[in-house]
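> Fold the following.
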Amino acid sequence: MNAEPARSPMTIGDVLGLLRPEFPDITISKIRFLESEGLVEPERSPSGYRKFCDADVERLRFVLTAQRDHYLPLRVIRQRLEARDRGEGAPAPATRDPAARAPERRRPRTLVAADTTADDPAVRLTRRQLLDGAGIDEALLARLEEYGLVRRAGTHYDGDALSIARAVAALGEFGFEVRHLRAVKAAADRQVGLIEQMVAPQLRRRGRGAHEEAAETAREIAALSVRLHAALVGAGLRESLDP
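You can find the predicted model right below:
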């Protein structure tokens, strides 16, 4: 009997489509985050696109199952994956019986269930969860909303709102006020506009996975822009502060 031929390399959009029926909360940004944490390492094409294989998909399934069914932190999941890579036979996380889950529709993830160290916009938070998770008070959140730094996603807040609120709270320890951050918000809005212009040709394509690839490209450009910004700020500070 002939061996089953290997599947051709998959884009991140293809992987999203394979995993979403089992993990409805999965997003491209979540897959990218898990890659940045070293939990999956897809190959890259000469043009820089990710090329996932079946083993990468199974690795992602292992991670997502461990998070969903056992609420394991990434540190523990990484240790189990490393043990498997060494051939030590670490047990795969047991999947709950689908029949037992059927009567109850999966609820959106909350601050309690989510890994709140992850930059995952799919997290859904109530106003109280956002306040508690970011360690801010109602007055500060109201100012963040007034200046457009934090916005509701329907009746809830997402992971971006939590990340922004935490960053603002940390900056507040150095004397920053919300009004000082208007320039930062304006610069970010200009950068978003520039990135949207760059990926517009991809968005106009009608091919399979075109939208997902455009989103991936936009996030990669954004990550590079953040690195460039940090380097420029660092260089400027060295010029002004170094003896």
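
> switch to C-alpha atoms for all contacts and neighbour counts from now on
Noted.

> need the contact list for R44.
By Cα atoms under 8 Å, 6 or more residues apart in numbering, the contact list for R44 reads R50, K51.

> Could you rerun that using 10 Å?
R50, K51, F52 (Cα atoms under 10 Å, 6 or more residues apart in numbering).

> Let me have those in a markdown table, adding neighbour count as columns.
As requested, those are arranged in a markdown table below (neighbours: other Cα atoms under 10 Å):
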| residue | neighbour count |
| --- | --- |
| R50 | 19 |
| K51 | 18 |
| F52 | 21 |
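
> and those residues, which of them are in strands?
R50, K51 (DSSP state E).

> quick one: least confident helix or strand in this structure?
helix 98-101 (a mean of 42; mean pLDDT, DSSP states H and E).

> Following the chain onward from that one, which element is next?
Using DSSP states H and E, the next helix or strand after helix 98-101 towards the C-terminus is helix 127-134.

> Which parts of the chain are helices?
12-19, 28-36, 54-70, 74-85, 98-101, 127-134, 138-146, 159-172, 182-203, 210-241 (DSSP state H).

> Confidence-wise, which of the ones you listed is weakest overall?
Note on the helices of the chain: lowest mean pLDDT is at helix 98-101, with a mean of 42.

> looking at the helices of the chain, which is closest to P46?
For the helices of the chain, the distance to P46 is smallest for helix 210-241, at 14.4 Å, taking Cα to Cα.

> May I see the buried residues of the closest one?
A210, H211, E212, E213, A214, A215, E216, T217, A218, R219, I221, A222 (16 or more other Cα atoms under 10 Å).
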